[in-house]
Every structure is written in C-alpha cells, then in structure tokens.
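Participant: coords below, sequence missing:
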C-alpha cells in the first residue's frame, strides 16, 4: 500500500526506479543485487538529468570581446592584435560539472562554428585557429 501510494509524491521515473529495485530484490532473493541495481539506476538517472543542464555559460565569445590588461606593443599593436583575435580565437566559458553526456552540447556549438565557416567559404586566414576553454567556473569533471 505504501509503495502504490508513493507514486503520487514521486516523479514517474523515480517511482519506476524503486519498483525495479524491489522487483530485483524479490526475484534475486538477496539484498546485494537490489543495492547494485539501485546504484546502477541512480547513476544512469543522474547522468541523464545532468546531461540536460548546459555546461556553457552564455555564448562562446570571440577574442576581441575579452578585455586585456597588458598592452606591451602600444595602442596600434593592440588594435592589430584585437582585429586578428576577433576571428582566430573563441573562448568557451564552462560551468558546473562536465560529463561525457554534457560534452555533446559543447562539441555541437563548436561544430556549428566550423560548419558555418565551411558553408560561407571563409578564407583560411580568417578561420578559427585557437579554442580556449575557460574553466574558472567549472566545479568538476
């Protein structure tokens, strides 16, 4: 009765996890197999939920959108560098935890940039050359 009533308070996926764990316990007759099934199901559920959380803060930035503190080559040299950096450098700000499943969205955005360059036939001297991952806000991998 308690298990059937708990379906009102839990999400369907969470309730099915509990049902599967109980079924494994009943079929196997040992608690260790039910615990193992619970650990595996919880790991899969955690990865599936976290894969939907974006690992990128905002949009990837171009090199000229980043403030630089040092200007050792003077103002003209700095302007030349910023002009080149606007096309050659992309900075991707990462946040939270990055898993294999959450890397898909990161790779997809970078692939879109390369596909855009191919589609518009961007000259080789204007193509992206450096990709920087800013892991300042990254909690773990």
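Facilitator: Structure received. Since this is a predicted model, take the numbers as computed values, not measurements.
Participant: can we go C-alpha only for contacts and neighbour counts from here?
Facilitator: OK.
Participant: can you show me the helices along this structure?
Facilitator: For the chain, the helices defined by DSSP state H cover 2-6, 12-28, 31-51, 74-88, 103-119.
Participant: dump those to a markdown table, plus mean neighbour count and mean pLDDT.
Facilitator: Shown next, in a markdown table, are the helices of the chain (neighbours: other CA atoms under 10 Å; pLDDT from 0 to 100):
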| stretch | mean neighbour count | mean pLDDT |
| --- | --- | --- |
| helix 2-6 | 9 | 71 |
| helix 12-28 | 15 | 90 |
| helix 31-51 | 15 | 89 |
| helix 74-88 | 14 | 70 |
| helix 103-119 | 13 | 83 |
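Participant: to residue 60, which of the ones you listed lies closest?
Facilitator: Closest approach to residue 60 among the helices of the chain (CA to CA): helix 103-119, 8.4 Å.
Participant: closest to residue 58 out of the helices of the chain?
Facilitator: helix 103-119 (11.6 Å).
Participant: residue 131 against residue 87, yeah?
Facilitator: No - contact criterion CA atoms under 8 Å: residue 131 and residue 87 do not qualify, at 11.1 Å.
Participant: residues in contact with the strand ranked longest in the chain: which ones?
Facilitator: Criterion DSSP state E: the longest strand present in the chain is strand 130-140. With contacts defined as CA atoms under 8 Å, 6 or more residues apart in numbering, strand 130-140 is touched by 88-98.
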